[in-house]
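[1] coordinates for the following, if possible.
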Amino acid sequence: MTVRAAIYARVSSAEQRERHTIEGQLLVLRPYVSGQGWTLVDIYVDDGRSARTGKLEARDGFARLVRDAEARRFDVLVVVHIDRLTRTEDMAERAAILGPFQRAGIRIATPGGGELDLRTMYGEMWTVMQALVAAEENRHRADRIRAGKLRAIAEGRKPAGPTPYGLAYARVSGSWSVDPDRAAIVREIYARVIAGESCMVIADDLHARGAPPPRGPWSRNKVWALVRSRHPAGEWAADKRRRLTVPVPAIVDEATWAAAQDSLIAHGKRGLRRSRHVYLLEGLGVCGLCGAPMAIRSTAPSRGAKASPAAYVCRARKLARRGAPRCRAPIIRVADADRRLWAVVGAALSDPGLPARVQRICESQRSDRDGWAADAAGYERRLAQLARAEAGVLRRLRDELVSDRAADAELAELARARAAVSTQLATARRAASGRGGDGADLTAWIAAIRDLAATATPAEQQVLVRRLVEPGAVFDGDRIRITMRVSAQNSSDLPAVGSSTRTDRQGDVILRLVA
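    Residues are numbered from 1 along each chain as shown. The predicted structure is shown next:
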């Protein structure tokens, strides 16, 4: 009786594919089949497909192999080793891989191990044992790779992946440097974003000029992601899941990075707002019911119908996600909301006791600056302690003195503590370096801001609202709750029309108002 044989060959990566290991497997398997006197009916190949857990659906050749096995197109399956079929650590997936051959009565043969009949106890046991050994080897290999990456991060080297755009990395010496040509493009992008240019316009210009892109052609998303990344400011996220960073040479300073973030928040990926209308709370409002951003709904006239008045509407009501309940927050007309908002802002600025309140806060904060400086020094020491603790966890993980799960939990807790202390340090530094103003400065500034508010055009009103209302406005039913910040700054620092820069200053008076 003629024995029909099928060959299955697989490599798991593009690197192996380039080394022609598929051809190497076939050079071994074809002579083995003919030497056994079997008839080769088909060859199934998965080129660059992994056998790790969760990768089964990507193996098209294996899917065709299983279909033909269930159709009894061959009697014996020939592979160079069982790990070409599976290295999975998941028992259910292992059964899904080997089960169809057992049910169909297909024998599995390897040049080094002979034939195995999965319907017998010995055949099933030996096949599963080889699969388990392959899975364990895969697990150890993954552990070694993970430990190597963590060691590289702890030492400030690049663990894997592409080099961040604008930087260069010497793998032999493990040293970072700035790529002068690409760094110039990064600085240009930051400058243009700060100036208010659209991410889309910048991307189109860079593409037209033939500027080297990060990967693939330039797009507004690539420009946006580059500006949002922390690596141009000297901090590269080497392991986002564990929140581990590597210090790298800075391409832009911290002030430039922060200014670009403010510009992105104001303009988004596309750039400057396209609307011809002025809405005081555009981009500032959030829904008090569900926390979603407030959008603006307006319709142009069509087919003789009148245009509906512009209104603030919760985004979760306007564009509800599939399967999510639609927000029931009320819709508020823009004209009514902006009128009420400007009225309460004007009333607050007209308060005759405002200069004295700002003066008292300035005097109090000037006396506290020494205390803030001491607090900042303490926070710096705490950050250094957290960095040493993080390095200790990485060393214990590298030396296999702690499990992955325990290390992840410790690193996550340290990352949360570091974020909290970093926020406290930034606050303390701002407070320690702040300045107050004297009575004349405060009176002049408040008088100037009142005069500007009294005669402001709608566009100027919008600039003032974006400067004074922080962090935004909460739409609570028919009411609007705002937090207004009045700064003790010199009158020469008045916000210019067209600018939406926000800075924290000493001597601020926080007013919580309802419109």
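
[2] for this protein, what helix or strand is lowest in average pLDDT?
    Lowest mean confidence among the helices and strands of the chain (mean pLDDT, DSSP states H and E): helix 14-18, at a mean of 44.

[3] where does pLDDT dip in the stretch 51-200 of the chain?
    For the stretch 51-200 of the chain, the stretches flagged by pLDDT under 70 are 51-58, 87, 89, 123, 131, 134-136, 138-146, 148.

[4] and the strands in it?
    Using DSSP state E, counting those that start in this stretch, the strands of the stretch 51-200 of the chain run over 76-78, 107-110, 114-116, 167-170, 175-178.

[5] in the second one, what's buried?
    What it means is strand 107-110. By neighbour count on 16 or more other CB atoms under 10 Å, the buried set for strand 107-110 is 107, 108, 109, 110. (C-beta placed from N, C-alpha, C; glycine too.)

[6] how far off centre is the longest helix seen in the chain?
    When the chain is parsed with DSSP state H, its longest helix is helix 354-398. Here helix 354-398 is found 27 Å from its chain centre; the criterion is CA atoms, centre = their mean, to the nearest Å.

[7] and it, what does it pack against?
    Counting contacts by 3 or more CB pairs under 8 Å, 6 or more residues apart in numbering; DSSP states H and E, helix 354-398 is packed against helix 121-154, helix 404-433, helix 439-455, strand 509-514.

[8] let's have these in CSV, adding distance to residue 241 and mean neighbour count.
    Below are the helices and strands packed on helix 354-398 laid out as CSV (distance: least, CB to CB, whole Å; neighbours: other CB atoms under 10 Å):
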stretch, distance to residue 241, mean neighbour count
helix 121-154, 11, 15
helix 404-433, 8, 15
helix 439-455, 47, 16
strand 509-514, 37, 14
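
[9] same list (those) but as a markdown table, adding distance to residue 229.
    Output for these, formatted as a markdown table (distance: least, CB to CB, whole Å):
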| stretch | distance to residue 229 |
| --- | --- |
| helix 121-154 | 17 |
| helix 404-433 | 17 |
| helix 439-455 | 36 |
| strand 509-514 | 32 |
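
[10] looking at these, which is closest to residue 340?
    When the helices and strands packed on helix 354-398 are compared by CB to CB, strand 509-514 sits nearest residue 340, at 9.2 Å.

[11] average pLDDT for stretch 482-496?
    Stretch 482-496 shows an average pLDDT of 55 in the prediction.

[12] likewise for stretch 315-332?
    According to the model, stretch 315-332 has a mean pLDDT of 75.

[13] for it, measure first residue to last.
    End-to-end distance for stretch 315-332: 13 Å, by CA to CA, to the nearest Å.

[14] how about low-confidence regions in the stretch 301-450 of the chain?
    Ranges of the stretch 301-450 of the chain meeting pLDDT under 70: 301-307, 318-324, 358-359, 361-370, 431, 433-445.

[15] mind redoing it with 90?
    301-329, 331-332, 335, 337-450 (pLDDT under 90).

[16] can the buried residues of strand 107-110 go into a markdown table with extra columns for distance to residue 353?
    As requested, those are exported to a markdown table (distance: CB to CB, whole Å):
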| residue | distance to residue 353 |
| --- | --- |
| 107 | 93 |
| 108 | 88 |
| 109 | 93 |
| 110 | 89 |
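
[17] circling back: the next helix or strand after the least confident helix or strand of the chain: how far from the chain's middle?
    Note on helix 14-18: by DSSP states H and E, the next helix or strand toward the C-terminus is helix 21-35. Offset of helix 21-35 from its chain centre (CA atoms, centre = their mean): 46 Å.

[18] ok, residues contacting helix 21-35?
    If you take CB atoms under 8 Å, 6 or more residues apart in numbering as the criterion, helix 21-35 is touched by 5, 7, 9-11, 40, 43, 45, 47, 78-80, 84, 109, 111.

[19] need the max-distance pair from those.
    Greatest spacing in those, by CB to CB: 47 and 109 (21.9 Å).

[20] tell me what the helix or strand hosting residue 342 is packed against?
    According to DSSP H and E, residue 342 maps onto helix 334-349. Judged by 3+ CB pairs under 8 Å, 6+ apart, the packing partners of helix 334-349 are strand 311-314, helix 439-455, helix 458-468, strand 479-486, strand 509-514.

[21] CA atoms of that helix as CSV?
    What follows is helix 334-349, C-alpha atoms only, in CSV (Å, rounded to 0.1, in the frame of the first residue of the first chain):
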residue,chain,number,x,y,z
VAL,A,334,-23.7,79.0,22.1
ALA,A,335,-25.1,82.5,22.2
ASP,A,336,-26.7,82.0,25.6
ALA,A,337,-23.8,80.2,27.1
ASP,A,338,-21.2,82.7,25.9
ARG,A,339,-23.3,85.7,27.0
ARG,A,340,-23.6,84.3,30.5
LEU,A,341,-19.9,83.4,30.6
TRP,A,342,-18.7,86.8,29.6
ALA,A,343,-21.0,88.5,32.1
VAL,A,344,-19.6,86.6,35.1
VAL,A,345,-16.0,87.1,33.9
GLY,A,346,-16.6,90.8,33.6
ALA,A,347,-18.3,91.0,37.0
ALA,A,348,-15.3,89.1,38.6
LEU,A,349,-12.8,91.5,37.0
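
[22] got the buried residues for that helix?
    Applying 16+ other CB under 10 Å to helix 334-349 flags 334, 337, 338, 340, 341, 342, 344, 345, 348, 349 as buried.

[23] any idea how far residue 468 is from the second one?
    Spatial separation of residue 337 from residue 468 under the definition CB to CB, to the nearest Å is 16 Å.

[24] and the contacts of helix 21-35, which are buried?
    5, 7, 9-11, 43, 45, 47, 78-80, 84, 109, 111.

[25] and the nearest residue to residue 228 once chain neighbours are set aside, how far is that from residue 352?
    Spatial nearest neighbour of residue 228, chain neighbours left out: residue 264 (7.0 Å); criterion: CB to CB, 6 or more residues apart in numbering. Separation of residue 264 from residue 352 (CB to CB): 39 Å.

[26] of the two, who's got more company?
    Neighbours per residue, other CB atoms under 10 Å: of residue 264 and residue 352, the larger number sits with residue 264, 18 against 6.

[27] next SSE downstream of whichever strand or helix holds that one?
    Counting by DSSP H and E, the element that carries residue 264 is helix 254-267. Counting by DSSP H and E, the element after helix 254-267 in chain order, helix or strand, is strand 285-287.

[28] quick one: that following strand to chain centroid distance?
    The answer for strand 285-287 is 23 Å, by CA atoms, centre = their mean.

[29] who touches residue 9 in this structure?
    Counting by CB under 8 Å, 6+ apart, residue 9 makes contact with 22, 25, 26, 29, 43, 44, 45, 46, 79, 80, 84.

[30] and for residue 171?
    residue 158.

[31] for it, grab phi and psi.
    phi -70, psi -30 (degrees, to the nearest 10).

[32] make residue 1 into 5 and carry on from there
    Understood, numbering begins at 5; the last thing we discussed is residue 175.

[33] how close does it get to residue 186?
    18 Å.

[34] can you check residue 68 too?
    44 Å.

[35] ok, residue 80 next?
    Distance from residue 80 to residue 186, by CB to CB: 55 Å.

[36] residues near residue 80, how many?
    Per other CB under 10 Å, the neighbour tally for residue 80 reads 19.

[37] let me know the distance separating it from residue 117.
    13 Å.

[38] now residue 436
    Distance from residue 436 to residue 117, by CB to CB: 72 Å.
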